[in-house]
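J.: Have a look; sequence and predicted model below, questions after that.
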Number of protein chains: 2
Amino acid sequence: MALEKIAGVRAAARDVEPFVAELFTAAGVNRESAEACARAVVDASARAYDTHGVRLIPFYMQGLAGGRINKTPSLTVTEKAASAVHVDADDGLGHYASYRAIDEAAKLAEKTGVAVATVGRSTHHGATGVYTRYAATKGFVAIGMTHADAMVIPHGGASAFFGTNPLSFAVPVEGEDPMVLDMATSSIPFNRVGLRRATGQPLPEEVAVDDKGEFTTDANAAVWVAPVGGADYGYKGSGLAGMVDLLCSAFTGMGHGKTMASFNGPDFSKPIQIGHFFIVLSPAVFQALSAFDARISDFLADLRAQPAKPGQKVYAPSDIEKGEAKKRAVEGIPVDNVTWGALEGFAAQYGVKVPAATADAG
Amino acid sequence: MALEKIAGVRAAARDVEPFVAELFTAAGVNRESAEACARAVVDASARAYDTHGVRLIPFYMQGLAGGRINKTPSLTVTEKAASAVHVDADDGLGHYASYRAIDEAAKLAEKTGVAVATVGRSTHHGATGVYTRYAATKGFVAIGMTHADAMVIPHGGASAFFGTNPLSFAVPVEGEDPMVLDMATSSIPFNRVGLRRATGQPLPEEVAVDDKGEFTTDANAAVWVAPVGGADYGYKGSGLAGMVDLLCSAFTGMGHGKTMASFNGPDFSKPIQIGHFFIVLSPAVFQALSAFDARISDFLADLRAQPAKPGQKVYAPSDIEKGEAKKRAVEGIPVDNVTWGALEGFAAQYGVKVPAATADAG
């Protein structure tokens, strides 16, 4: 996965995170929700998941202003059984509920080996990989999913039914950052279509469809995106999207993705009622930790040493992002000009001081 | 997913299953292993998973004769914690261990909400979806995985590292058969390459690579297959294959797929040491069953009613196979001529009577 260049500014993650928390708090969000959202979006930016980083802040501000997102939620945590816990997010920012879900599931998994945390009545939680990675930093292995509003056709379909329904997996690695897989079950996110409309560039083959459901590379003709696998193997991406949708709805009490209001409005007043689904595993229950760690390290060393096709290199999931994260720890996180302008506007509106930033990014 | 035509014979599943069990028993396999393998391969054939159906019997007979598969294993079941159980398959047929793993995990999940069953020191277990489906017939939701010997390049790689590492998901559906997703994380299985070599037909784009790691549609130049997602998005299939490999190795005590001996020999004497990984969920712990069932049914009704592109129809996972299964319940399961000939040979060798069959299939 190649990283896209971002024209904008750079600022230190340690400065941006308290600024974002301050901004949300000034906008009326309760302290724990504001801090969790700031932590999640800055973590995503710091780790090179730019689509789910600080650029989402204006989107969250819009939902908070419209009333879709509850500024002062009261989370309810219900232990359903020894390995099952439900978090009712009370329509608040999904980040707070998702960190909490990992904490609760980890507590149970430590004793029982595995636990599921379901989250209901939630909203957009940013990058799902932020939470599975968080679990991995605590020594757990985690699988995370969220469903979303319909943007993706089912295989063979002519109209969107699934969200981009990401699937994430994270595992602790001895002596280095966790390995994180965080993948949409569509080939591309819909905002890639918008980007190509703006630049006039064609789309890749078999990733988007026109209003008849036919694949098109014309960004202006594209109305929906397609499941990973394309024309021949899209039933696999479609099947995975369905698995994510079912686990995030039937287990959480929410409706499936197609029943959700569009994340992009025009109505920003009604709660969107998203579900998230997390599986947290305690490796030490299954294997001696030293043996477990050795297996993971052996796997990664062997994978990274594989011969590559000419001009390429074989990476493990998140290797590229981990390299970029090291750079960003020194140089700061990139914030595109549009987002930076919006942040300056919010800062002025709420009387919060913007962090120091340097022009130039990319 | 289109079903392939099979030139051969048809026989009733209820006749083939005891025949297969008898054959394995006559070859020295203990009763429970023989019955479990017969049940699994005939179930796969009955449900139209022909690649993992009765055609595998000669492959298992070869492994049993060579000593790779232990004919008389003693399973060991170890409860590691309230939601974690390990099944040591003692190098026996993986089918028996996998059914047992589902049974054990279901017992735990009923109380705790979710349980993981790991299987170690196992061998090939056929179609992973057979076991997740079995869990669903008992009212559970299940995710199942197995790793395998290296046949699939990692994204960007020039040499096989992953097995076809399938991921399966099954969920009970009120008033109909369970919904089962059972997908290799490669676009195609390697035997598709062999088939195209025989027929002289080109391969689809971006599903197989030559000895430099370059994608090729020439079946004779193809040496490995590629992860789902192809040239641009193969990092997703590769990431999923890695997740499966890690869960099936680090949690089970087995090595990762690349360390396994080839399933196709030439050495059929040494155990192959496969791991399987099952997650079993009890829906009733999370939601009222009536509400859960309604969510699943609503999802399926809505998905199946989606508009399709011209000449197509939108299916839920396993819909096509479920239609074919109804036909096979009446007409019998197809057995290709090569497999049927092998079965007749084994039957003569071990003095077992072949079931009644009619020529014509497809």
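T.: Right, received. Where do you want to start? Numbering: from 1, shown residues only, chains lettered A, B, ... in the order given.
J.: contacts, neighbours, all on C-alpha from now
T.: Will do.
J.: which parts of the stretch 151-300 of chain A sit against chain B?
T.: Contact residues (CA under 8 Å from any CA of the partner chain) of the stretch 151-300 of chain A with chain B: A:154-159, A:161, A:169, A:181, A:183, A:187, A:212-214, A:228-230, A:233, A:235-236, A:239, A:243, A:246, A:249-253, A:255-256, A:283, A:285-287, A:291-293, A:295-296, A:299.
J.: Narrow those residues to those in strands?
T.: Among these, the members falling in strands (DSSP state E) are A:169, A:181, A:183.
J.: picking that back up, write the ChimeraX selection for whichever of the residues of the stretch 151-300 of chain A next to chain B are buried.
T.: The ChimeraX command for the buried members of those (criterion: 16 or more other CA atoms under 10 Å in any protein chain shown) is given here:
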select /A:154,155,156,157,158,159,161,169,181,183,187,213,214,228,229,230,233,235,236,239,243,246,249,250,251,252,253,255,256,283,285,286,287,292,293,295,296,299
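J.: Show the backbone phi and psi for the residue of the stretch 201-350 of chain A found nearest chain B.
T.: Residue nearest to chain B within the stretch 201-350 of chain A: A:Ala308 (4.0 Å; CA to the nearest CA). Reported as degrees, to the nearest 10, the phi and psi values for A:Ala308 are phi -110, psi 160.
J.: list the contacts for the residue minimising distance to the centre of chain A?
T.: Geometric centre of chain A, nearest residue: A:Ala127, 1.4 Å, by CA atoms, centre = their mean. Residues touching A:Ala127, when contacts are defined by CA atoms under 8 Å, 6 or more residues apart in numbering or on different chains, comprise A:40-41, A:44, A:49, A:52-53, A:182.
J.: possible to save these as JSON lines with pLDDT?
T.: What follows is these, written out as JSON lines (pLDDT from 0 to 100):
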{"residue": "A:Ala40", "pLDDT": "98"}
{"residue": "A:Val41", "pLDDT": "98"}
{"residue": "A:Ala44", "pLDDT": "97"}
{"residue": "A:Tyr49", "pLDDT": "93"}
{"residue": "A:His52", "pLDDT": "92"}
{"residue": "A:Gly53", "pLDDT": "95"}
{"residue": "A:Asp182", "pLDDT": "97"}
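J.: for the closest residue to A:His147 other than its chain neighbours, phi and psi?
T.: Beyond its immediate neighbours in the sequence, the residue positioned closest to A:His147 (CA to CA, 6 or more residues apart in numbering or on different chains) is A:Asn165, lying 4.6 Å away. When read as degrees, to the nearest 10, the backbone of A:Asn165 gives phi 30, psi 70.
J.: what do you get for A:Leu281?
T.: Dihedral angles for A:Leu281 - degrees, to the nearest 10 - are phi -120, psi 140.
J.: contacting residues around it?
T.: Here A:Leu281 is in contact with A:106, A:109-110, A:113-115, A:140-142 (CA under 8 Å, 6+ apart).
J.: The closest residue in space to A:Glu17 that isn't next to it in sequence: how many residues sit nearby?
T.: Taking CA to CA, 6+ apart, and ignoring the residues beside it in sequence, A:Glu17 has A:Ala38 as its nearest neighbour in space, at 5.3 Å. Here the count is done by other CA atoms under 10 Å in any protein chain shown, and A:Ala38 has 26 residues near it.
J.: I'd like to know how far A:Ala38 sits from chain B.
T.: From A:Ala38 across to chain B, the span is 28 Å (CA to the nearest CA, to the nearest Å).
J.: Quick check, pLDDT for the closest residue to the residue of the stretch 201-350 of chain A closest to chain B other than its chain neighbours.
T.: Excluding its sequence neighbours, the residue lying closest to A:Ala308 (CA to CA, 6+ apart) is B:Gly157, at 4.0 Å. B:Gly157 is assigned 97 on the pLDDT scale.
J.: Would you check that B:Gly157 makes contact with A:Ala305?
T.: No. Under the criterion of CA atoms under 8 Å, B:Gly157 is not in contact with A:Ala305, lying 9.9 Å apart.
J.: list residues touching both of the two?
T.: With contacts taken as CA under 8 Å, 6+ apart, the residues that reach both B:Gly157 and A:Ala305 are A:Val314.
J.: so how far is B:Phe162 from the residue in the stretch 151-300 of chain A that chain B sits nearest to?
T.: When distances are taken as CA to the nearest CA, the stretch 151-300 of chain A approaches chain B most closely through A:Gly157, which lies 4.0 Å from it. Using CA to CA, to the nearest Å, one gets 31 Å for the distance from A:Gly157 to B:Phe162.
J.: Kindly report the same for A:Ala198.
T.: Computed as CA to CA, the A:Ala198 to B:Phe162 distance reads 39 Å.
J.: okay, these two: which has more neighbours?
T.: Neighbour tally, A:Ala198 and B:Phe162, criterion other CA under 10 Å: the higher count belongs to B:Phe162, 29 against 11.
J.: Which element, helix or strand, includes A:Leu343?
T.: helix A:337-350 (DSSP states H and E).
J.: Now A:Val114: closest residue in space that isn't a chain neighbour?
T.: In space, not counting the residues next to it along the chain, A:Val114 is nearest to A:Leu281; the distance is 4.4 Å by CA to CA, 6+ apart.
J.: Tell me how far the one you found lies from A:Lys111.
T.: Taking CA to CA as the measure, A:Leu281 and A:Lys111 are separated by 10 Å.
J.: same question, A:Glu324
T.: Relative to A:Lys111, A:Glu324 is positioned 36 Å away (criterion: CA to CA).
J.: go on, A:Arg55?
T.: With distances taken as CA to CA, A:Arg55 is found 38 Å from A:Lys111.
J.: Look at the two and report which has more neighbours.
T.: Neighbour comparison, A:Arg55 and A:Lys111: the larger count goes to A:Arg55, with 22 against 17 (by other CA under 10 Å).
J.: Next, the contact list for the spatially closest residue to the more buried one that is not a sequence neighbour, please.
T.: What sits nearest to A:Arg55 in space, not counting adjacent residues and going by CA to CA, 6+ apart, is A:Thr339, at 5.6 Å. A:Thr339 sits next to A:54-55, A:57-58 when contact means CA under 8 Å, 6+ apart.
J.: Ends of stretch A:50-66, what's the gap?
T.: For stretch A:50-66, the separation between the terminal residues is 25 Å (CA to CA).
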